[in-house]
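*Asks:* how would this look folded up:
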Amino acid sequence: MEHAPYHYAVVGRAIALIDAHRGQPLSLADLATALDMSPAHVQRVFSTWVGISPKRYQQFLALDHARDLLRDNFTTLDTTHAVGLSGSSRLHDLFLRWEAMTPGDYARQGAGLTIRWGCFSSPFGEVLSMATDRGLCGLAFSGESGRDAAMADLQGRWPRADFVSDPAAIADWTEAALSGVGEARLHMIGTPLQIQVWEALLRIPSGHVTTYSEIARSIGSARAVRAVGTAVGRNPVSLLIPCHRALRKSGALGGYHWGLPIKRVLLAEETARRIAGTDMDRRNIA
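*Replies:* Numbering: from 1, shown residues only. Below you'll find the predicted structure:
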(Lines give C-alpha, C1' and ligand atoms only; values in the text may rest on other atoms or scores of the structure.)
Protein backbone atom coordinates (compact mmCIF):
# COMPACT_ATOMS: atom_id res chain seq x y z
CA MET A 1 0.00 0.00 0.00
CA GLU A 2 1.22 3.49 -0.78
CA HIS A 3 1.17 5.93 2.09
CA ALA A 4 0.53 9.49 0.95
CA PRO A 5 1.84 12.39 3.05
CA TYR A 6 -1.81 13.17 3.81
CA HIS A 7 -2.27 9.74 5.41
CA TYR A 8 0.96 10.16 7.36
CA ALA A 9 -0.36 13.45 8.72
CA VAL A 10 -3.75 12.02 9.71
CA VAL A 11 -2.27 8.98 11.45
CA GLY A 12 0.44 11.07 13.09
CA ARG A 13 -2.08 13.51 14.53
CA ALA A 14 -4.30 10.66 15.70
CA ILE A 15 -1.41 8.87 17.42
CA ALA A 16 -0.34 12.10 19.12
CA LEU A 17 -3.87 12.73 20.42
CA ILE A 18 -4.22 9.16 21.70
CA ASP A 19 -0.79 9.27 23.33
CA ALA A 20 -1.59 12.59 25.02
CA HIS A 21 -4.46 10.91 26.88
CA ARG A 22 -1.97 8.67 28.73
CA GLY A 23 -4.18 5.59 28.85
CA GLN A 24 -7.48 7.41 29.31
CA PRO A 25 -10.12 6.24 26.81
CA LEU A 26 -10.60 8.45 23.76
CA SER A 27 -13.70 7.58 21.74
CA LEU A 28 -13.67 7.50 17.95
CA ALA A 29 -16.19 10.34 17.91
CA ASP A 30 -13.99 12.54 20.12
CA LEU A 31 -10.90 11.65 18.10
CA ALA A 32 -12.70 12.51 14.85
CA THR A 33 -13.89 15.83 16.29
CA ALA A 34 -10.36 16.75 17.34
CA LEU A 35 -9.13 15.91 13.84
CA ASP A 36 -12.05 17.75 12.20
CA MET A 37 -12.94 14.64 10.18
CA SER A 38 -15.74 12.12 10.05
CA PRO A 39 -15.45 9.10 12.36
CA ALA A 40 -15.67 6.74 9.37
CA HIS A 41 -12.78 8.46 7.59
CA VAL A 42 -10.55 8.43 10.67
CA GLN A 43 -11.35 4.77 11.28
CA ARG A 44 -10.57 3.83 7.68
CA VAL A 45 -7.26 5.70 7.36
CA PHE A 46 -5.99 4.67 10.80
CA SER A 47 -6.98 1.02 10.45
CA THR A 48 -5.45 0.80 6.99
CA TRP A 49 -2.08 2.07 8.15
CA VAL A 50 -1.85 0.52 11.64
CA GLY A 51 -3.88 -2.62 11.00
CA ILE A 52 -6.40 -2.19 13.83
CA SER A 53 -8.88 0.43 14.99
CA PRO A 54 -7.91 3.44 17.12
CA LYS A 55 -9.89 1.93 20.02
CA ARG A 56 -7.92 -1.34 19.89
CA TYR A 57 -4.65 0.52 19.48
CA GLN A 58 -5.07 2.50 22.69
CA GLN A 59 -4.41 -0.45 24.97
CA PHE A 60 -0.92 -0.83 23.53
CA LEU A 61 0.07 2.64 24.69
CA ALA A 62 -0.40 1.73 28.34
CA LEU A 63 2.63 2.59 30.41
CA ASP A 64 3.11 -1.05 31.43
CA HIS A 65 3.00 -2.32 27.85
CA ALA A 66 6.80 -2.71 27.72
CA ARG A 67 6.69 -5.06 30.71
CA ASP A 68 3.97 -7.11 29.01
CA LEU A 69 6.10 -7.32 25.89
CA LEU A 70 9.12 -8.47 27.84
CA ARG A 71 7.07 -11.16 29.58
CA ASP A 72 5.21 -12.42 26.51
CA ASN A 73 7.32 -11.51 23.48
CA PHE A 74 10.94 -11.66 24.58
CA THR A 75 13.28 -12.98 21.93
CA THR A 76 16.77 -14.41 22.23
CA LEU A 77 19.45 -13.53 19.72
CA ASP A 78 21.52 -16.51 18.67
CA THR A 79 24.94 -15.54 17.39
CA THR A 80 24.55 -18.28 14.75
CA HIS A 81 21.87 -16.10 13.14
CA ALA A 82 24.35 -13.31 12.51
CA VAL A 83 25.21 -14.61 9.04
CA GLY A 84 22.81 -13.07 6.59
CA LEU A 85 21.17 -10.88 9.24
CA SER A 86 17.73 -12.14 8.25
CA GLY A 87 14.91 -10.98 10.47
CA SER A 88 11.59 -9.24 10.73
CA SER A 89 10.69 -5.62 11.31
CA ARG A 90 7.67 -3.35 11.31
CA LEU A 91 8.23 -2.90 7.59
CA HIS A 92 6.13 -5.27 5.58
CA ASP A 93 7.58 -5.38 2.07
CA LEU A 94 11.05 -3.87 2.13
CA PHE A 95 14.31 -4.97 0.63
CA LEU A 96 17.06 -3.54 2.82
CA ARG A 97 20.72 -3.44 1.82
CA TRP A 98 23.24 -2.84 4.57
CA GLU A 99 26.83 -1.67 4.19
CA ALA A 100 29.21 -0.56 6.93
CA MET A 101 31.84 2.07 6.20
CA THR A 102 35.42 0.89 6.39
CA PRO A 103 37.59 1.61 9.45
CA GLY A 104 39.44 4.08 7.27
CA ASP A 105 36.21 5.92 6.45
CA TYR A 106 35.41 5.99 10.15
CA ALA A 107 38.80 7.43 11.01
CA ARG A 108 38.41 10.18 8.40
CA GLN A 109 35.16 11.32 10.08
CA GLY A 110 33.36 11.69 6.79
CA ALA A 111 36.08 13.61 4.94
CA GLY A 112 35.41 13.39 1.21
CA LEU A 113 31.79 12.33 1.72
CA THR A 114 28.85 14.29 0.39
CA ILE A 115 25.78 13.75 2.56
CA ARG A 116 22.42 14.89 1.22
CA TRP A 117 19.58 15.62 3.59
CA GLY A 118 15.91 16.50 3.69
CA CYS A 119 12.90 16.59 6.04
CA PHE A 120 9.94 14.28 5.47
CA SER A 121 6.53 13.60 7.02
CA SER A 122 5.80 10.38 8.89
CA PRO A 123 3.07 9.12 11.25
CA PHE A 124 5.62 9.62 14.03
CA GLY A 125 6.25 13.27 13.25
CA GLU A 126 8.82 14.98 11.08
CA VAL A 127 11.81 12.84 10.09
CA LEU A 128 15.23 14.24 9.18
CA SER A 129 16.83 11.93 6.63
CA MET A 130 20.45 11.86 5.44
CA ALA A 131 22.20 9.72 2.83
CA THR A 132 25.50 9.23 1.09
CA ASP A 133 25.61 8.00 -2.50
CA ARG A 134 25.50 4.43 -1.07
CA GLY A 135 22.51 4.68 1.22
CA LEU A 136 20.79 6.25 4.20
CA CYS A 137 23.20 7.17 6.96
CA GLY A 138 20.83 9.04 9.26
CA LEU A 139 17.13 8.94 10.10
CA ALA A 140 16.10 11.07 13.09
CA PHE A 141 12.70 11.88 14.56
CA SER A 142 13.23 15.63 14.36
CA GLY A 143 9.62 16.35 15.26
CA GLU A 144 10.37 15.18 18.79
CA SER A 145 13.85 16.61 19.35
CA GLY A 146 13.53 19.67 17.11
CA ARG A 147 15.04 20.03 13.66
CA ASP A 148 18.09 22.01 14.78
CA ALA A 149 18.98 19.52 17.51
CA ALA A 150 18.51 16.54 15.18
CA MET A 151 20.63 18.22 12.51
CA ALA A 152 23.43 18.96 14.96
CA ASP A 153 23.26 15.39 16.27
CA LEU A 154 23.58 13.73 12.87
CA GLN A 155 26.10 16.19 11.46
CA GLY A 156 28.26 15.70 14.53
CA ARG A 157 28.78 12.06 13.61
CA TRP A 158 30.52 13.06 10.36
CA PRO A 159 32.11 16.40 11.24
CA ARG A 160 34.25 16.57 8.10
CA ALA A 161 31.59 15.65 5.55
CA ASP A 162 29.92 18.07 3.16
CA PHE A 163 26.18 18.43 3.80
CA VAL A 164 23.81 19.42 1.00
CA SER A 165 20.07 20.02 1.24
CA ASP A 166 18.66 17.80 -1.51
CA PRO A 167 15.49 15.97 -0.40
CA ALA A 168 14.61 14.88 -3.94
CA ALA A 169 17.85 12.90 -4.24
CA ILE A 170 17.07 10.78 -1.17
CA ALA A 171 13.28 10.70 -1.38
CA ASP A 172 12.99 7.14 -2.75
CA TRP A 173 15.12 5.54 -0.03
CA THR A 174 13.42 7.61 2.66
CA GLU A 175 9.91 6.79 1.44
CA ALA A 176 10.80 3.09 1.32
CA ALA A 177 12.06 3.32 4.91
CA LEU A 178 8.89 5.03 6.10
CA SER A 179 6.34 3.03 4.13
CA GLY A 180 8.05 -0.36 4.06
CA VAL A 181 7.58 -0.66 0.31
CA GLY A 182 10.47 -0.78 -2.13
CA GLU A 183 14.21 -0.79 -1.55
CA ALA A 184 16.12 1.10 1.13
CA ARG A 185 19.88 1.10 1.49
CA LEU A 186 21.93 1.82 4.59
CA HIS A 187 25.47 3.17 4.69
CA MET A 188 26.45 2.99 8.36
CA ILE A 189 29.42 4.41 10.20
CA GLY A 190 30.39 3.19 13.66
CA THR A 191 32.95 1.42 15.78
CA PRO A 192 33.23 -2.38 15.45
CA LEU A 193 31.22 -2.79 18.67
CA GLN A 194 28.51 -0.42 17.47
CA ILE A 195 28.20 -2.28 14.16
CA GLN A 196 27.85 -5.59 16.03
CA VAL A 197 25.14 -4.17 18.25
CA TRP A 198 23.24 -2.68 15.31
CA GLU A 199 23.42 -6.03 13.51
CA ALA A 200 21.93 -7.68 16.61
CA LEU A 201 19.11 -5.12 16.68
CA LEU A 202 18.24 -6.04 13.10
CA ARG A 203 17.49 -9.59 14.27
CA ILE A 204 14.71 -8.59 16.70
CA PRO A 205 11.33 -9.38 15.09
CA SER A 206 8.61 -6.78 14.93
CA GLY A 207 6.26 -6.89 17.91
CA HIS A 208 8.98 -8.46 20.05
CA VAL A 209 11.64 -7.06 22.35
CA THR A 210 14.91 -8.08 23.94
CA THR A 211 17.17 -6.71 26.65
CA TYR A 212 20.49 -4.90 26.62
CA SER A 213 22.05 -7.85 28.45
CA GLU A 214 20.71 -10.29 25.86
CA ILE A 215 22.23 -8.21 23.07
CA ALA A 216 25.55 -8.18 24.95
CA ARG A 217 25.42 -11.98 25.32
CA SER A 218 24.57 -12.48 21.67
CA ILE A 219 27.64 -10.60 20.46
CA GLY A 220 29.96 -12.41 22.88
CA SER A 221 30.37 -9.52 25.31
CA ALA A 222 28.09 -10.54 28.16
CA ARG A 223 29.72 -8.18 30.64
CA ALA A 224 29.62 -5.15 28.37
CA VAL A 225 25.98 -4.25 29.04
CA ARG A 226 26.72 -0.58 29.65
CA ALA A 227 28.78 -0.32 26.45
CA VAL A 228 26.02 -2.09 24.54
CA GLY A 229 23.47 0.38 25.90
CA THR A 230 25.64 3.25 24.71
CA ALA A 231 25.96 1.65 21.25
CA VAL A 232 22.19 1.18 21.04
CA GLY A 233 21.76 4.87 21.82
CA ARG A 234 24.24 5.83 19.10
CA ASN A 235 22.23 4.19 16.34
CA PRO A 236 21.89 6.97 13.73
CA VAL A 237 19.08 5.30 11.74
CA SER A 238 15.86 5.13 13.72
CA LEU A 239 13.09 2.77 12.64
CA LEU A 240 15.15 0.63 10.23
CA ILE A 241 17.61 -0.41 12.93
CA PRO A 242 15.06 -0.99 15.70
CA CYS A 243 16.79 0.23 18.85
CA HIS A 244 13.33 0.89 20.29
CA ARG A 245 12.98 -2.90 20.79
CA ALA A 246 15.74 -2.98 23.42
CA LEU A 247 14.50 -2.81 27.05
CA ARG A 248 15.93 -3.11 30.51
CA LYS A 249 15.70 -6.45 32.31
CA SER A 250 13.03 -4.99 34.58
CA GLY A 251 10.79 -4.26 31.61
CA ALA A 252 11.37 -0.52 31.92
CA LEU A 253 11.68 1.28 28.63
CA GLY A 254 15.20 2.47 29.32
CA GLY A 255 16.41 5.34 27.18
CA TYR A 256 15.66 6.23 23.60
CA HIS A 257 17.77 8.68 21.68
CA TRP A 258 14.79 10.17 19.84
CA GLY A 259 12.52 10.49 22.89
CA LEU A 260 10.61 8.00 25.04
CA PRO A 261 7.18 9.03 23.66
CA ILE A 262 8.36 7.91 20.21
CA LYS A 263 9.65 4.62 21.64
CA ARG A 264 6.30 3.85 23.27
CA VAL A 265 4.42 4.71 20.09
CA LEU A 266 6.68 2.51 17.93
CA LEU A 267 6.30 -0.47 20.28
CA ALA A 268 2.54 0.03 20.38
CA GLU A 269 2.28 0.29 16.61
CA GLU A 270 4.33 -2.85 16.04
CA THR A 271 2.31 -4.80 18.60
CA ALA A 272 -0.88 -3.67 16.89
CA ARG A 273 0.39 -4.93 13.55
CA ARG A 274 1.45 -8.25 15.02
CA ILE A 275 -1.87 -8.76 16.78
CA ALA A 276 -3.76 -7.80 13.64
CA GLY A 277 -1.70 -10.22 11.57
CA THR A 278 -0.73 -7.51 9.11
CA ASP A 279 3.01 -7.46 9.71
CA MET A 280 4.01 -9.38 6.58
CA ASP A 281 7.59 -8.25 6.45
CA ARG A 282 9.73 -10.19 4.03
CA ARG A 283 12.87 -8.12 4.48
CA ASN A 284 16.11 -9.49 3.15
CA ILE A 285 19.43 -7.98 4.06
CA ALA A 286 22.37 -8.36 1.75
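*Asks:* got the phi and psi for the residue lying closest to Y106 once chain neighbours are set aside?
*Replies:* Sequence neighbours aside, I189 is the residue nearest to Y106 in space, at 5.6 Å (criterion: CB to CB, 6 or more residues apart in numbering). From N, CA and C alone the C-beta is placed, and that goes for glycine too. Backbone torsions for I189, taken as degrees, to the nearest 10, come to phi -130, psi 130.
*Asks:* next, count neighbours for I189.
*Replies:* 22 (other CB atoms under 10 Å).
*Asks:* buried residues, the one helix or strand L17 maps to. List them.
*Replies:* In this assignment (DSSP states H and E), L17 forms part of helix 5-20. Buried residues in helix 5-20, counted by 16 or more other CB atoms under 10 Å: 7-8, 10-16, 18-19.
*Asks:* could you dump these into TSV and include pLDDT?
*Replies:* Output for the buried residues of helix 5-20, formatted as TSV (pLDDT from 0 to 100):
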residue	pLDDT
H7	69
Y8	67
V10	80
V11	79
G12	77
R13	83
A14	86
I15	80
A16	80
I18	81
D19	76
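*Asks:* could you identify the most distant pair in these?
*Replies:* Farthest pair in these (CB to CB) is H7 and D19. Separation: 18.2 Å.
*Asks:* could I get the full set of strands for the chain?
*Replies:* 93-100, 114-120, 127-132, 135-140, 162-165, 181-188, 210-211, 246-247, 284-285 (DSSP state E).
*Asks:* what pairs with the third one, and is each one parallel or antiparallel?
*Replies:* It stands for strand 127-132. Take DSSP bridges as the rule and strand 127-132 pairs in its sheet with strand 114-120 (antiparallel), strand 135-140 (antiparallel).
*Asks:* beta-bridge partners for the closest residue in space to A168 that isn't next to it in sequence, please?
*Replies:* Nearest residue to A168, sequence neighbours excluded (CB to CB, 6+ apart): G118, at 7.6 Å. Beta-bridge partners for G118, by DSSP bridges, are S129.
*Asks:* so how far is R223 from G118?
*Replies:* For G118, the distance to R223 equals 41 Å [CB to CB, to the nearest Å].
*Asks:* D162 now?
*Replies:* 40 Å.
*Asks:* please apply the same query to L96.
*Replies:* 31 Å.
*Asks:* between those two, who's got more neighbours?
*Replies:* Each of L96 and R223 has its neighbours counted (other CB under 10 Å); L96 has more, 25 against 10.
*Asks:* who does the more buried one bridge with?
*Replies:* In this structure, L96 bridges to A184, I285 when assessed by DSSP bridges.
*Asks:* for D68, give its distance to E175.
*Replies:* Distance from D68 to E175, by CB to CB: 32 Å.
*Asks:* for the most centrally placed residue in the chain, give me phi and psi.
*Replies:* Centroid-nearest residue in the chain: L239, 1.5 Å away (criterion: CA atoms, centre = their mean). Main-chain torsions, L239, degrees, to the nearest 10: phi 80, psi -60.
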